[in-house]
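In: quick check, what structure comes out for this input:
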Amino acid sequence: MSNLLNTVHASAPASEIKLHTLELINASFPNGAYRWVQGFNDETLTLEDGQAVTFEGMGFGVSLAERSLRGNQDIQFQIDNVTGEALRAINDVIDSGEKMLVIYRCYLDSNHTAPAQPATRMTATGVTADYRSVNVIADFHDFVNLKWPVQRYTPTLAPGLAA
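Out: Below you'll find the model as predicted:
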């Protein structure tokens, strides 16, 4: 987490506003993704790879996961007033059973060039949609049961290991 974001959390200066963003990714979506920023205005923000993209202003609520020792952590989003096109596309993904990647990022209004903290990448595990809103439940992968180290040192990776 950035020092500026830590300052915002600690002192809540009136000059700093957090921009919560949500990105839903699936190959069937137009341009591969729907990108929304919480609020009324569209924002052009820079992703981790340096690409500047426009996030559409949208009303949505975020219920972030609590910090705990559980293996799975769920995050829930409720997106209101989704366009008919987006609603149909999300329903098509639900009906097909395909995976939908969900990325949550937090930016500061004073810095649109990079997220204020690392992006949280999740997979949608539950999606319900109707004409008023879309509810997305996404979870992190099961970090408690991951193998460690993630990268295995084999003779192919590290030739010095060959006997």
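In: from now on I want contacts and neighbour counts done on CA atoms only, so please keep to that.
Out: Fine.
In: what ranges do the strands span in this protein?
Out: Secondary structure of the chain (DSSP state E): strands located at 18-25, 33-38, 43-46, 52-58, 60-63, 74-80, 101-108, 120-129, 133-139.
In: with respect to L161, which of those strands lies nearest?
Out: Closest to L161 of the strands of the chain is strand 120-129 (C-alpha to C-alpha; 33.9 Å).
In: okay, buried residues for the closest one please.
Out: Buried positions in strand 120-129, judged by neighbour count with 16 or more other C-alpha atoms under 10 Å: 121-124, 127, 129.
In: show me what it is packed up against.
Out: When contacts are defined as 3 or more C-alpha pairs under 8 Å, 6 or more residues apart in numbering; DSSP states H and E, strand 120-129 sits against helix 84-96, strand 101-108, strand 133-139.
In: Throw the ones you listed into JSON lines and include mean pLDDT, mean neighbour count and distance to D49, thanks.
Out: What follows is those, written out as JSON lines (pLDDT from 0 to 100; neighbours: other C-alpha atoms under 10 Å; distance: least, C-alpha to C-alpha, whole Å):
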{"stretch": "helix 84-96", "mean pLDDT": "80", "mean neighbour count": "15", "distance to D49": "25"}
{"stretch": "strand 101-108", "mean pLDDT": "90", "mean neighbour count": "20", "distance to D49": "13"}
{"stretch": "strand 133-139", "mean pLDDT": "82", "mean neighbour count": "20", "distance to D49": "23"}
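In: in JSON lines: those, plus distance to L22.
Out: Below are the helices and strands packed on strand 120-129 laid out as JSON lines (distance: least, C-alpha to C-alpha, whole Å):
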{"stretch": "helix 84-96", "distance to L22": "14"}
{"stretch": "strand 101-108", "distance to L22": "5"}
{"stretch": "strand 133-139", "distance to L22": "11"}
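In: nearest to W36, out of the ones you listed?
Out: Of these, nearest to W36 by C-alpha to C-alpha is strand 101-108, at 9.9 Å.
In: and that closest one, what does it pack against?
Out: Strand 101-108 packs on strand 18-25, strand 120-129, going by 3+ C-alpha pairs under 8 Å, 6+ apart.
In: about what we covered before: any idea which of the buried residues of strand 120-129 is the one closest to T156?
Out: Of all those, T156 sits closest to R121, with 29.4 Å by C-alpha to C-alpha.
In: got a list of what that closest one touches?
Out: Contacts for R121 (C-alpha atoms under 8 Å, 6 or more residues apart in numbering) come out as 101-104, 140.
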